[in-house]
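Novice: Predicted model and sequence follow; I will ask about them next.
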Amino acid sequence: MPDIRVVLPSVLQPLAGGHSVLISDADGPVTVGSLLDSVTGEYPVLARRLRDETGALRRYVNVYVNGDEVRRLRGLETEVAAGQEVLVIQSVAGG
């Protein structure tokens, strides 16, 4: 079955059991929101780090589908097809 790969930065890998890539089965296109629900199901701390209480992406989390930042597309409603890669980037704030 085709799958979608979600690539995590090293700072988030400990929250995903040490995995750098989480894989979800894809039977047709899925949304970024449902994909994140699927891959973070076993990792509730990771889920809370990516999304706030309302389910929106946190300000400092950027998600890319095929190199395009999802906030510039359809946000969590952006479709992802089997074989595509989703990249999660956590911004680092400094001061």
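Specialist: Received it, and whenever you're ready, just let me know what you need.
Novice: Please, where are all the helices along the protein?
Specialist: Using DSSP state H, the helices of the chain run over 32-40, 44-50.
Novice: which of the ones you listed is buried the deepest?
Specialist: helix 32-40 (a mean of 20; mean count of other Cβ atoms under 10 Å). Placement of C-beta: from N, CA and C, glycine included.
Novice: in this structure, which spans are strands?
Specialist: 3-7, 21-25, 30-31, 61-65, 68-69, 79-80, 85-90 (DSSP state E).
Novice: now these as JSON lines including mean neighbour count?
Specialist: Listed next are those as JSON lines, based on neighbours: other Cβ atoms under 10 Å:
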{"stretch": "strand 3-7", "mean neighbour count": "18"}
{"stretch": "strand 21-25", "mean neighbour count": "16"}
{"stretch": "strand 30-31", "mean neighbour count": "18"}
{"stretch": "strand 61-65", "mean neighbour count": "19"}
{"stretch": "strand 68-69", "mean neighbour count": "12"}
{"stretch": "strand 79-80", "mean neighbour count": "18"}
{"stretch": "strand 85-90", "mean neighbour count": "18"}
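Novice: Which of these sits closest to residue 48?
Specialist: strand 61-65 (11.1 Å; Cβ to Cβ).
Novice: The closest one pairs with which strands?
Specialist: strand 68-69 (antiparallel), strand 85-90 (antiparallel) (DSSP bridges).
Novice: Contacts made by it with the rest, please.
Specialist: Residues outside strand 61-65 that contact it (Cβ atoms under 8 Å, 6 or more residues apart in numbering): 32, 36, 49-51, 57, 69-71, 73, 78, 80, 84, 86-91.
Novice: Please consider this matter closed, and thank you.
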